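# test case, fold it:
(one chain, ligands or ions: 1)
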Amino acid sequence: MPVLSAQRLRKVYRDKKIEVPAVRDVSLVLSAGEVLAFLGPNGAGKTTTIKMIAGLILPDAGQVQIVGRDPHRDSRALRSLGAVLEGNRNLYWRLTCEENLEYFGVLRGLSRRVAHQRGKALLERFGLTEKRKTVVQALSRGMQQKLAIAVSLIHDPQLLLLDEPTLGLDVEATQAVKALVREIAAEGRAILLTTHQLDIAEELSDRVAIIRQGEIVAEEATPELIRQFSGSAYHIELESPLTGDRLQKIDALGVLVQGCTLTVPDSSLLYPVLDILNPLPLLSITRDEASLTDIFLKLTRLKA
Ligand SMILES: Nc1ncnc2c1ncn2[C@@H]1O[C@H](COP(=O)(O)OP(=O)(O)OP(=O)(O)O)[C@@H](O)[C@H]1O
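Numbers count the residues shown, from 1 in each chain. Now for the predicted structure:
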């Protein structure tokens with residue numbers, strides 16, 4: 001059974017007489033241990049989708065199941081769900097780290113003793129033990145974010161919804177949060193990650209779903225998506241520029257030569273080119289690889 005199954009979700013906001021179709025048709029399935037990056041431009045329908053998954057907005061059509069339970073019909077579904085949405089607003093700023101963990105643990109159905117124990121273990125694991133008696137508002141942004149993730153894990157959920165987990169963090173805190181996300185997935189939890197930081201999405205996700213105007217326009221394993229959008233060109237970096245006979249032969253193959261860099265337009269030409277270059281020293285051979293940013297821009301800028 002998948003950890004998350006969202007099928008054919010639809011939501012139209014009605015603002016006075018104007019109808020805004022925020023989510024037209026979105027289906028997402030997520031298995032244990034998987035990180036799905038849910039990406040889309042501003043206003044594409046990500047937040048609305050996530051709120052429907054979290055049981056916060058009732059869909060007009062479609063169905064959500066978290067470990068087989070519908071959060072809109074069975075509140076036990078929420079026991080399998082942890083979420084850090086809209087920054088770190090799932091924390092009480094005037095409470096200490098310890099108090100936040102206990103408070104939210106009890107709210108999620110744990111006994112006070114168990115909430116305290118789990119909280120202590122999470123503080124230790126997230127490197128926050130020294131700050132356990134510090135109020136949230138006195139923590140750095142990175143520590144607040146780590147605490148927000150710790151709080152979302154207090155009841156040991158199988159599904160974690162993470163919205164912009166690294167937004168506004170410095171390099172070190174970003175690395176720490178990225179490592180935590182990987183660890184949490186490696187424990188077998190499913191993670192739905194939304195972010196506008198596409199390099200982070202590329203690094204962390206197993207799969208990518210791109211939403212545009214309320215509909216999924218691409219859904220693929222991350223490496224496969226990158227492969228599909230990557231060209232078949234190769235770049236060869238030489239130690240020194242080509243001259244004479246070799247330059248002529250390479251030129252005749254239709255290879256672009258710019259100083260020490262050769263651009264081989266097609267993979268079928270790679271070995272013929274290497275035969276001609278042999279035994280010149282090469283610095284590198286790289287494939288023309290699309291980044292998730294290139295792919296995102298291509299897919300979301302297409303005309304409707
Ligand atoms: N409460 C609401 N009432 C009316 N329209 C809304 C409401 N919430 C969102 N919308 C509209 O629904 C559409 C989708 O919004 P949503 O917040 O789901 O997008 P998003 O992908 O999360 O955007 P962003 O990346 O900017 O957070 C937008 O056109 C938005 O203006």
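
# C-alpha from now on. contacts and neighbour counts both.
Will do.

# the strands in the stretch 1-150 of the chain, which residues?
Applying DSSP state E, counting those that start in this stretch to the stretch 1-150 of the chain gives strands spanning 4-15, 18-30, 35-39, 61-66, 81-84.

# now whatever helix or strand Leu160 lives in against strand 61-66, angle please.
Leu160 belongs to strand 159-163 when assigned by DSSP states H and E. Orientation check (axes from the mean of the first three to the mean of the last three Cα atoms, to 10 degrees): strand 159-163 against strand 61-66 gives 110 degrees.

# mind giving me the packing neighbours of strand 159-163?
Strand 159-163 makes packing contacts with strand 81-84, strand 190-194 when contacts are defined by 3 or more Cα pairs under 8 Å, 6 or more residues apart in numbering; DSSP states H and E.

# ok, which of those strands comes nearest the ligand?
strand 190-194 (8.8 Å; Cα to the nearest ligand atom).

# show the contacting residues for Ile154.
101, 104-105, 115, 118-119, 122 (Cα atoms under 8 Å, 6 or more residues apart in numbering).

# any idea how many residues pack against Ser27?
17 (other Cα atoms under 10 Å).

# surely Ile57 is in contact with Thr47?
No: using Cα atoms under 8 Å as the test, Ile57 is too far from Thr47 to be in contact (10.1 Å).

# bridged to the residue lying closest to Glu19 once chain neighbours are set aside, which residues?
Take Glu19 and drop its neighbours on the chain: the residue closest to it by Cα to Cα, 6 or more residues apart in numbering is Tyr13, 5.7 Å away. With DSSP bridges as the criterion, Tyr13 is bridged to Val20.

# so this structure: which segments form each domain?
4-228, 232-288 (automatic domain parsing).

# with mean pLDDT as added columns, please give the ones you listed in a markdown table.
Output for the domains of the chain, formatted as a markdown table (pLDDT from 0 to 100):
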| stretch | mean pLDDT |
| --- | --- |
| domain 4-228 | 93 |
| domain 232-288 | 93 |
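
# now those in JSON lines, with distance to the ligand?
Listed next are the domains of the chain as JSON lines, based on distance: least, Cα to the nearest ligand atom, whole Å:
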{"stretch": "domain 4-228", "distance to the ligand": "3"}
{"stretch": "domain 232-288", "distance to the ligand": "29"}
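
# just those domains: most buried one?
Highest mean neighbour count among these (mean count of other Cα atoms under 10 Å): domain 4-228, with a mean of 19.

# biggest helix in this structure, by residue count?
Selection of the longest helix in the chain by residue count, based on DSSP state H, yields helix 171-186.

# what's the angle from that helix to strand 35-39?
120 degrees.

# any idea how far the closest residue in space to Phe126 that isn't next to it in sequence lies from Pro59?
Spatial nearest neighbour of Phe126, chain neighbours left out: Lys146 (6.7 Å); criterion: Cα to Cα, 6+ apart. Lys146 sits 31 Å away from Pro59 when distances are taken as Cα to Cα, to the nearest Å.

# wait, what's in contact with the residue nearest to Glu19?
19-22.

# pipe those residues into CSV and attach distance to His196 per row.
CSV is the format used below for the contacts of Tyr13 (distance: Cα to Cα, whole Å):
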residue, distance to His196
Glu19, 26
Val20, 22
Pro21, 22
Ala22, 18
